[in-house]
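Undergrad: Next come a sequence and a model predicted from it.
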Amino acid sequence: MNKYLKKTKIIATLGPASSSKEVMLGLMKAGVDIFRINFSHADYDLVRNNIEIIRELNKEYGYSIGILGDLQGPKLRVGVVKEGSYLNPGDILTFTNEKIEGDSTKVYMTYQQFPQDVKVGEKILIDDGKLMLEVIETNEIDTVKAKTIQGGPLSSKKGVNLPNTNVSLPALTEKDIQDANFMLDMEVDWIALSFVRHAQDIIDLKKLINAHPNGKFKTPIIAKIEKPEGVKNIDEILLECDGLMVARGDLGVEVPMEEVPAIQKTLVEKARFYSKPVIIATQMMETMINSLTPTRAEVNDVANSVLDGADAVMLSGETSVGRYPIQVVENMTKIVKNIETTHFYQHKNEPMEKDYNCIDERFITNRVCLAAVRIAKTTNVSAIVTLTHSGYTAFQLAAHRPNSQIIVYSGNRRVITMLNLLWGVHAYYYDMKKSTDETIIQVNMLTHNHGYIESGDFVININATPSYEGGKTNTLRLTTV
Ligand SMILES: Nc1ncnc2c1ncn2[C@@H]1O[C@H](COP(=O)(O)OP(=O)(O)OP(=O)(O)O)[C@@H](O)[C@H]1O
Ligand SMILES: CC(=O)C(=O)O
Ligand SMILES: [K+]
Ligand SMILES: [Mg+2]
């Protein structure tokens, strides 16, 4: 294949700047693989409309762009605030449970337990830490007073973080339960859960998914890591979730900001070890919200996140409310492709030898996937071609980061758009009812027609033999086309 296809995926958040068919098509063409819908700001009619457009465009242009629904979680916010409100160092701000229009002296706080949970001396951060206050008084009923330490503009509905306070809100709030059910009605491909602290948070969401009429499809869950407890409990969380997001916006105020780079690297390594995709999110190209050029530091951040081993890099405000949504994605695609084609990347993405001591029911599949990636590397294979019902094989292959393309065929249409989040994976529909021999000939032909391989190229096929729905991958074939 002449045209280099990037391996790292791009996620773009939809919002007022990108909710038209024209812009969405532009974003897809520029390299978006997954659209994120942030339920912090979503209106159901608009979401329904956007999802319809994505599915229309997929059909019209042959894309398999997936949809990630992001739940707000227990995010605290201030209410509406008068335009021009400003806090200076030393100013006292009163937080009230009363739903008032706020100003520079008084503001509504969405978290009703705040006066009971907070203690004098604890920090209050507003707008991703841009404003910092310290609690000086609480009446433990409905009012908290705080002194401004770091000032700046105070605007409507900005997020509030309480890094020292033990917030007694569940990971799934009433709003989240309603939003998650709506996401399942809409058959989104992934559900992201915010502020995950323990494995139990994921288990609770799984119960909700199972209880939904569409629960037969186990909609996969992304655990957003943005709290110190989430970092600490990462192993138990990874055993339950299907993927991770390094949610650097909240994470950077919940833990000391200087710890975020090392946490990012640790989370990427851990996620790969568990064969689950990992997304790096927030402020990747932040300056491009208002400007046509990113800073050099932003360009480096995207490239270094790719080098760290991210499955996907994510854009938030850049595509949801920014002035140049399509140009941002075009730039991001260029950065990703460039770094991926250097020797730095080849070195960073060796097949990962995992500890397969425990001989579970997937042991054979896991070993076959690792072998495929090793052979692909030493034989200069163009594509590893596989069939999957649940997507499991694709998760395994992607985690080993092969040099070749990973081309996946599935008879389950929902799996195809879901897999588009995974590193290096391209999935297509195939109705597998034939014998293994016939299947291999057909999928290799399709892979050739899609432009991933040319005649004479080496290809690896991995399959379940004998083939039947739900059969486990156990066979590897190396052939030339
Ligand atoms: N539909 C919308 N209407 C108005 N403002 C929006 C809308 N969507 C997003 N924004 C604003 O744009 C910024 C970026 O939003 P986005 O959803 O991309 O990322 P985010 O950082 O995850 O948002 P948040 O932390 O508020 O959940 C947010 O600060 C938000 O205030
Ligand atoms: C994406 C998100 O929630 C964050 O960065 O905090
Ligand atoms: K959110
Ligand atoms: Mg967040």
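TA: Everything's here; your move. Ligands and ions are numbered 1, 2, ... in the order given.
Undergrad: Just the pLDDT for the residue most central in space within the chain.
TA: Closest residue to the average C-alpha location of the chain: Ile279 at 4.4 Å, with CA atoms, centre = their mean. You'll see Ile279 listed with a pLDDT of 98.
Undergrad: Make 2 the starting number, not 1.
TA: OK, 2 is where the count begins now, so the last one is Ile280.
Undergrad: Tell me what it is bridged to.
TA: Bridge pairing for Ile280 (DSSP bridges) gives the partners Met246, Ala313.
Undergrad: separation between it and ligand 1?
TA: Going from Ile280 to ligand 1 by CB to the nearest ligand atom, to the nearest Å gives 12 Å. No exception for glycine: its C-beta is placed from N, CA and C like everyone else's.
Undergrad: Next one: that residue relative to Lys271, how far apart?
TA: Ile280 sits 14 Å away from Lys271, taking CB to CB, to the nearest Å as the criterion.
Undergrad: shared neighbours, these two?
TA: Leu245 (CB atoms under 8 Å, 6 or more residues apart in numbering).
Undergrad: residues touching the residue nearest to the centre of the chain, list them.
TA: If a contact means CB under 8 Å, 6+ apart, then Ile280 has 12, 223, 244-247, 311-315, 422 as its contacts.
Undergrad: For those, which single residue is the most surrounded?
TA: Met246 (31 neighbours; other CB atoms under 10 Å).
Undergrad: correct me, but that residue touches Ile226?
TA: Yes. With contacts counted by CB atoms under 8 Å, Met246 reaches Ile226, the gap being 6.7 Å.
Undergrad: Once you drop chain neighbours, what's closest to Asn291?
TA: The shortest distance from Asn291 to any non-neighbouring residue, by CB to CB, 6 or more residues apart in numbering, is to Arg324 (6.0 Å).
Undergrad: re the thing from before, and which of the contacts of Ile280 is nearest to Phe396?
TA: Checking the contacts of Ile280 against Phe396 by CB to CB gives Gly244 as the nearest, at 9.0 Å.
Undergrad: give me phi/psi at that closest one?
TA: phi -170, psi 170 (degrees, to the nearest 10).
Undergrad: Retrieve the pLDDT associated with it.
TA: Gly244 is assigned a pLDDT of 98 by the prediction.
Undergrad: quick one: contacts for the residue located most distally from the centre of the chain?
TA: Residue farthest from the centre of the chain, counting by CA atoms, centre = their mean, is Asn140 at 39.9 Å. Contact analysis of Asn140 by CB under 8 Å, 6+ apart lists Pro116.
Undergrad: Could I get the phi/psi values of it?
TA: In terms of degrees, to the nearest 10, the main-chain angles of Asn140 are phi -90, psi 0.
Undergrad: Out of the contacts of Ile280, which comes closest to ligand 3?
TA: The closest of those to ligand 3 turns out to be Met246 (CB to the ion; 10.0 Å).
Undergrad: can you pull the contacts of the closest one?
TA: Counting by CB under 8 Å, 6+ apart, Met246 touches 193, 223-226, 279-280, 282, 315.
Undergrad: Would you reformat the residues you listed as TSV and include secondary structure and distance to ligand 4?
TA: Rendered in TSV, the data for those read as follows (DSSP: H, G, I helix; E, B strand; the rest coil; distance: CB to the ion, whole Å):
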residue	secondary structure	distance to ligand 4
Ala193	strand	10
Ile223	strand	12
Ala224	strand	12
Lys225	strand	6
Ile226	strand	10
Val279	strand	16
Ile280	strand	12
Ala282	strand	8
Met315	strand	11
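Undergrad: quick one: which two of these are the most distant?
TA: Taking CB to CB, the two most distant members of those are Ala224 and Met315; they sit 14.5 Å apart.
Undergrad: Return the residues in contact with the residue nearest to Leu126 when sequence neighbours are not counted.
TA: The spatially closest residue to Leu126, leaving aside those adjacent along the chain, is Asn162, at 4.3 Å (CB to CB, 6+ apart). Residues in contact with Asn162 (CB under 8 Å, 6+ apart) are 77, 125-127, 129-130, 251, 254-255.
Undergrad: what do you get for Met286?
TA: Met286 sits next to 295, 299, 303, 316, 319, 329, 332-333 when contact means CB under 8 Å, 6+ apart.
Undergrad: Of these - the most surrounded one?
TA: Counting neighbours by other CB under 10 Å, Glu319 leads the contacts of Met286 with 32 neighbours.
Undergrad: so which helix or strand takes in that one?
TA: If you go by DSSP states H and E, Glu319 is part of helix 318-321.
Undergrad: export stretch 417-435 as CSV, just CAs?
TA: Extracted in CSV, the C-alpha atoms of stretch 417-435 (Å, rounded to 0.1, in the frame of the first residue of the first chain):
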residue,chain,number,x,y,z
ILE,A,417,-17.0,-3.1,13.4
THR,A,418,-17.6,0.5,14.5
MET,A,419,-16.5,-0.4,18.1
LEU,A,420,-13.2,-1.7,17.0
ASN,A,421,-12.4,1.5,15.1
LEU,A,422,-11.0,2.9,18.4
LEU,A,423,-8.3,0.3,18.6
TRP,A,424,-4.7,1.0,17.5
GLY,A,425,-4.1,-0.1,13.9
VAL,A,426,-7.4,-2.0,13.5
HIS,A,427,-9.6,-1.7,10.4
ALA,A,428,-12.8,-3.7,10.6
TYR,A,429,-15.2,-4.8,7.8
TYR,A,430,-18.4,-6.7,7.6
TYR,A,431,-18.2,-10.4,6.5
ASP,A,432,-20.9,-13.0,6.8
MET,A,433,-18.9,-16.1,7.8
LYS,A,434,-20.7,-19.2,6.9
LYS,A,435,-18.2,-20.9,4.7
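Undergrad: in that stretch, what's buried?
TA: The neighbour-count check on stretch 417-435 (16 or more other CB atoms under 10 Å) flags 417-429, 431, 433 as buried.
Undergrad: what's the neighbour count on the residue lying closest to Gln397 once chain neighbours are set aside?
TA: Distances taken as CB to CB, 6+ apart place Cys370 nearest to Gln397, at 3.9 Å, with adjacent residues excluded. Residues within reach of Cys370, counting by other CB under 10 Å, total 29.
Undergrad: so how far is stretch 391-403 off the chain centroid?
TA: Distance of stretch 391-403 from the chain centroid (CA atoms, centre = their mean, to the nearest Å) equals 17 Å.
Undergrad: can you check stretch 331-344 too?
TA: The chain centroid and the centroid of stretch 331-344 are separated by 19 Å, computed with CA atoms, centre = their mean.
Undergrad: For this structure, what lies in contact range of ligand 2?
TA: By CB under 6 Å from any ligand atom, the residues of the chain that approach ligand 2 are 195, 225, 227, 248-251, 282-283.
Undergrad: Spit out the contact partners of Gly160.
TA: Residues in contact with Gly160 (CB under 8 Å, 6+ apart) are 76-78, 127-129, 251.
Undergrad: residues contacting Leu72?
TA: Each residue near Leu72 by CB under 8 Å, 6+ apart is listed here: 40, 173, 177, 180-181, 184, 192-195.
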